[in-house]
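K.L.:
build me a model from this:
(one chain, ligands or ions: 1)
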Amino acid sequence: PDITIDPKDGLLFGTTSLKIIAEQYGSPSWIINSDILKSRYERLNQAFKNKQLDVSIHYAMKANGHLAILDLLAKEGAGADIVSGGELKRALKTNIPASKICFSGVGKTEDELRLAVETEIGQINVESREELHQLSKIAQKVGKNAAICLRINPDVDAKTHHKITTGLAENKFGIAYQQAITVYKEAYQLPNITPLGFDVHIGSQISSTTPYRQAFLRMVDLIKAARTQGYDVTTLDCGGGFGISYQNEPEANPEDIAALMKEVLAPLDLKLGIEPGRWLIGPSGLLISKVLIRKDNGPNTPPFIIIDAAMNDLIRPAMYEAWHGILPISPEAYLRPSEALHIDGPVCESGDVFARDRILPSLQPGDYIAIFDAGAYGSVMSSTYNARPLAAQIMTKGSQSAIIQPRQTIEDLWKNELVPSWYPNNI
Ligand code: LLP
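P.N.:
Residues are numbered from 1 along each chain as shown. Just a heads-up that it's a prediction; the model follows:
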């Protein structure tokens, strides 16, 4: 992450002083640095321009679909990769043109497909033969054409966490590689379907270009075979999954990905698309939390530092054993000796863990800390487990900051709960 430790101001996130933000907004709070997000988008976009590649960037908004983030990316020219009707409406709300929206997902409802056809989104990524037939019927009823890509499962190992691997034959995603041509031919025969080409997404948090090369080469074979048999293929959606550096894994490098696409895909003269989520928003965000208590449980374990953020806020460590960088925010903390610490949330589960044996300046109650690279799959995966209100969300730009989602109140938690009047009750 873009972090510096200033001896006077403490932790800086880009140019944002986290000490000022923590004191102003309290904790736990999500921070999105819009300058970092903008510059990451520009770098990604530029990498393709430099290679004269025609690549549409569809931001995978599942990573963080907050309206303020979509609005910024829409102004930069991004489209959106969506996975639900809710995401479709969010994207349209921020004026992302329908033509720049693509719809992924292995189980779309009839209502969602109808909305997609009615609003004439640019591309529906169809994940099965069954979905293709269903879509054709819906499009006939609506009286419009559905532009589609077939998502193909290339049976390639992305070498990432098993819970976020999607391109192996054993995964539920996409149409089996061996069936691809047959289903593509069917797409040409079905009414109200406009076949554009193919889509491939092999997983998330991928650090090397090797699995992309393997997947792209398989797609090249497929596209050539389809063309030889007389079927047009104009589009290839290359998916997302570009990894970031949480600990010491190499961050995926847009310039390397662009070079790979130039080498392997440019000769086919295709419209190319990508669906990055994490790479854009992950390092652009972090979570501020405060130390509640420091528990000394004896000589056999490092002290337990219990903080006011928990697995209900950031579930990644509990769910994927994910490693997130953590540092104290105040400059004074850096004058203290370092020690090994366990960092945990207060939720009543042993899995509510943020770090084990982490070497940090000695943390004390009241210290603010920052948990890095939490912009992607952070706030969007939050829950209110243990009746813990959703954290505040703050966006910064230069020295400015603004609340983009106020901290939830306790009363908000039951505002939509109803108690039947079957028996006298006390509410
Ligand atoms: N396209 C499709 C079809 C996807 O399924 C995904 C992510 C993306 C694009 C964006 O992938 P990205 O560029 O963000 O890696 N909650 C997990 C990650 C789940 C990813 C799901 N699909 C985590 O916190 O690591």
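
K.L.:
what parts of the stretch 251-400 of the chain come near the ligand?
P.N.:
275, 276, 277, 278, 279, 316, 320, 376, 377 (Cβ under 6 Å from any ligand atom). For the C-beta atoms, the positions are set from N, CA and C on the backbone; glycine is no exception.

K.L.:
list the ones among those residues that fall in helices.
P.N.:
With DSSP state H as the criterion, helices contain 278, 279, 316, 320 from among those.

K.L.:
before we move on, back to that, JSON lines for the residues of the stretch 251-400 of the chain next to the ligand, including pLDDT and neighbour count?
P.N.:
Putting those into JSON lines (pLDDT from 0 to 100; neighbours: other Cβ atoms under 10 Å) gives the following:
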{"residue": "275", "pLDDT": "98", "neighbour count": "27"}
{"residue": "276", "pLDDT": "98", "neighbour count": "28"}
{"residue": "277", "pLDDT": "98", "neighbour count": "24"}
{"residue": "278", "pLDDT": "98", "neighbour count": "26"}
{"residue": "279", "pLDDT": "98", "neighbour count": "29"}
{"residue": "316", "pLDDT": "98", "neighbour count": "20"}
{"residue": "320", "pLDDT": "96", "neighbour count": "16"}
{"residue": "376", "pLDDT": "98", "neighbour count": "26"}
{"residue": "377", "pLDDT": "98", "neighbour count": "23"}
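
K.L.:
can you map out the strands along the stretch 101-250 of the chain?
P.N.:
101-103, 123-126, 146-153, 175-176, 193-199, 235-237 (DSSP state E, counting those that start in this stretch).

K.L.:
and those strands as a markdown table, adding mean pLDDT, distance to the ligand and mean neighbour count?
P.N.:
Formatted as a markdown table, the strands of the stretch 101-250 of the chain follow (pLDDT from 0 to 100; distance: least, Cβ to the nearest ligand atom, whole Å; neighbours: other Cβ atoms under 10 Å):
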| stretch | mean pLDDT | distance to the ligand | mean neighbour count |
| --- | --- | --- | --- |
| strand 101-103 | 98 | 9 | 26 |
| strand 123-126 | 98 | 7 | 29 |
| strand 146-153 | 97 | 8 | 26 |
| strand 175-176 | 94 | 14 | 18 |
| strand 193-199 | 98 | 8 | 23 |
| strand 235-237 | 98 | 9 | 25 |
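
K.L.:
residue 120 - how many residues pack around it?
P.N.:
Here the number of neighbours of residue 120 (other Cβ atoms under 10 Å) works out to 14.

K.L.:
look up the closest residue to it, ignoring the ones flanking it.
P.N.:
Once flanking residues are discounted, residue 120 sits nearest to residue 98: 5.4 Å by Cβ to Cβ, 6 or more residues apart in numbering.

K.L.:
ok, the one you found touching residue 82?
P.N.:
No - taking contacts as Cβ atoms under 8 Å, residue 98 lies outside contact range of residue 82: 10.8 Å.

K.L.:
more neighbours: which of those two?
P.N.:
residue 82 (30 against 16).

K.L.:
quick check: the more buried one touching residue 100?
P.N.:
No - with contact defined as Cβ under 8 Å, residue 82 does not reach residue 100; the gap is 10.8 Å.

K.L.:
okay, now the domains of this protein?
P.N.:
Split into domains by automatic domain parsing, the chain comes to 3-32+283-414, 34-281.

K.L.:
center of this structure, which residue is that?
P.N.:
Centroid check for the chain by Cα atoms, centre = their mean gives residue 63 as the closest residue, at 2.1 Å.

K.L.:
show me what contacts the residue nearest to it when sequence neighbours are not counted?
P.N.:
Closest residue to residue 63 apart from its sequence neighbours, by Cβ to Cβ, 6+ apart: residue 277 at 3.0 Å. Applying Cβ atoms under 8 Å, 6 or more residues apart in numbering, one finds that residue 277 lies in contact with 59, 60, 61, 62, 63, 64, 81, 204, 240, 376, 377.

K.L.:
of the residues you listed, which is the most crowded?
P.N.:
Going by other Cβ under 10 Å, residue 81 tops the contacts of residue 277 with 32 neighbours.

K.L.:
does that residue really touch residue 57, like I thought?
P.N.:
No - in this structure, residue 81 is not within contact of residue 57 by Cβ under 8 Å, at 9.3 Å.

K.L.:
neighbours around residue 413, how many?
P.N.:
14.

K.L.:
and residue 387, how far is that from residue 350?
P.N.:
Using Cβ to Cβ, to the nearest Å, residue 387 is found at 20 Å from residue 350.

K.L.:
with residue 377 instead?
P.N.:
Computed as Cβ to Cβ, the residue 377 to residue 350 distance reads 22 Å.

K.L.:
how about residue 416?
P.N.:
31 Å.

K.L.:
helices along this structure, start to end?
P.N.:
So, for the chain - with DSSP H - the helices run 18-25, 34-50, 67-76, 85-93, 110-118, 129-142, 180-189, 210-228, 254-264, 278-281, 316-320.

K.L.:
mean neighbour count, those: which tops it?
P.N.:
Among the helices of the chain, the stretch with the highest mean neighbour count (mean count of other Cβ atoms under 10 Å) is helix 278-281, at a mean of 29.

K.L.:
what packs against it?
P.N.:
helix 34-50 (3 or more Cβ pairs under 8 Å, 6 or more residues apart in numbering; DSSP states H and E).

K.L.:
so the helix it packs on versus helix 67-76, what angle?
P.N.:
Angle, helix 34-50 to helix 67-76, by axes from the mean of the first three to the mean of the last three Cα atoms, to 10 degrees: 30 degrees.

K.L.:
do helix 34-50 and the ligand come into contact?
P.N.:
No - Helix 34-50 is not in contact with the ligand by Cβ under 6 Å from any ligand atom; minimum separation 11.0 Å.

K.L.:
packing partners of that helix?
P.N.:
strand 55-60, helix 67-76, helix 254-264, helix 278-281, strand 392-397.

K.L.:
could you check the angle that helix makes with helix 254-264?
P.N.:
20 degrees.

K.L.:
as JSON lines, the helices of the chain with distance to residue 236 would be great.
P.N.:
Output for the helices of the chain, formatted as JSON lines (distance: least, Cβ to Cβ, whole Å):
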{"stretch": "helix 18-25", "distance to residue 236": "41"}
{"stretch": "helix 34-50", "distance to residue 236": "14"}
{"stretch": "helix 67-76", "distance to residue 236": "22"}
{"stretch": "helix 85-93", "distance to residue 236": "22"}
{"stretch": "helix 110-118", "distance to residue 236": "20"}
{"stretch": "helix 129-142", "distance to residue 236": "18"}
{"stretch": "helix 180-189", "distance to residue 236": "13"}
{"stretch": "helix 210-228", "distance to residue 236": "6"}
{"stretch": "helix 254-264", "distance to residue 236": "9"}
{"stretch": "helix 278-281", "distance to residue 236": "19"}
{"stretch": "helix 316-320", "distance to residue 236": "29"}
